[in-house]
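Enquirer: Any chance you can model this:
(one chain, ligands or ions: 1)
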Amino acid sequence: MAIQPSVLILNGPNLNLLGTREPHVYGRETLDDVEGLCQDEAARLGLDIDFRQSNHEGELVTWIQEARGEHDAIILNAGAYTHTSIAILDALAAVDLPVVEVHLSNIFRREAFRHHSYVSTIARGVICGFGSHGYGLALQAVARLIEASGRP
Ligand code: DQA
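Expert: Just a heads-up that it's a prediction; the model follows:
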């Protein structure tokens with residue numbers, strides 16, 4: 001049986017607090033709930049996923065570096081590092097994998113400092129404002145990108 005394409009799903013700082021963190025902004029679902037939703041959608045799409053969270057910029061950079069040769073695409077919610085991290089942007093450029101950026105909230109309806117994203121400058125697309133559903137949409141987008149790349 002053919003090996004399924006693999007997608008690294010990375011979550012940045014404070015996303016471990018989902019469910020209790022500003023639920024009026026981020027909803028009541030926990031990160032475990034989001035992972036469960038991703039597992040269900042990935043199974044439906046025939047993808048394997050590796051779902052992780054870190055509060056540390058360097059750890060996220062290391063995981064992105066290690067994705068080369070291990071995964072076929074990256075889905076990234078970098079949390080606040082979205083708006084600050086050139087290191088994460090450089091790591092994404094180095095691995096040269098398709099990236100889909102996700103945010104639970106609509107960052108463009110929020111404070112001006114959230115309107116700029118370093119990740120967006122390299123992402124193939126951005127999904128924001130649909131809560132946890134956005135992760136499922138990102139997996140659908142990634143499935144298409146992998147298929148279009150001609151991966152067997
Ligand atoms: C977020 C939006 C960011 O601005 C914020 O710092 C987060 C979460 C989102 O998913 O809506 O931590 O990435």
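
Enquirer: list the contacts for the nearest residue to Gly12 once chain neighbours are set aside?
Expert: On the basis of C-beta to C-beta, 6 or more residues apart in numbering, the spatially nearest residue to Gly12 that is not a chain neighbour turns out to be Gly79, at 3.4 Å. Heads up, the C-betas are built off the backbone N, CA and C, glycines and all. With contact set as C-beta atoms under 8 Å, 6 or more residues apart in numbering, Gly79 has these partners: Asn11, Gly12, Pro13, Asn14, Leu15.

Enquirer: what about burial for the residues you listed, which qualify?
Expert: Applying 16 or more other C-beta atoms under 10 Å to the contacts of Gly79, the neighbour count classes Asn11, Gly12, Pro13, Leu15 as buried.

Enquirer: In these, find the pair that's most separated.
Expert: By the measure C-beta to C-beta, those have their two most distant members at Asn11 and Pro13, which lie 8.7 Å apart.

Enquirer: Give the intersection of the neighbour lists for these two.
Expert: Listed contacts common to Asn11 and Pro13 are Ser54, Gly79; contacts here mean C-beta under 8 Å, 6+ apart.

Enquirer: Next, the contact list for the most centrally placed residue in the chain, please.
Expert: The residue lying closest to the centre of the chain (C-alpha atoms, centre = their mean) is Leu76, at 2.2 Å. Contacts for Leu76 (C-beta under 8 Å, 6+ apart) come out as Ile9, Leu10, Gly12, Ile88, Leu92, Val99, Val100, Glu101, Val102, Val119, Ala123.

Enquirer: 7 Å - rerun?
Expert: Leu10, Val99, Glu101, Val102, Val119 (C-beta atoms under 7 Å, 6 or more residues apart in numbering).

Enquirer: so which of the residues you listed comes closest to the ligand?
Expert: Val102 (6.9 Å; C-beta to the nearest ligand atom).

Enquirer: got a list of what the closest one touches?
Expert: The contact partners of Val102, by C-beta under 7 Å, 6+ apart, come to Ile75, Leu76, Asn77, Ile127, Gly134, Tyr135, Ala138.
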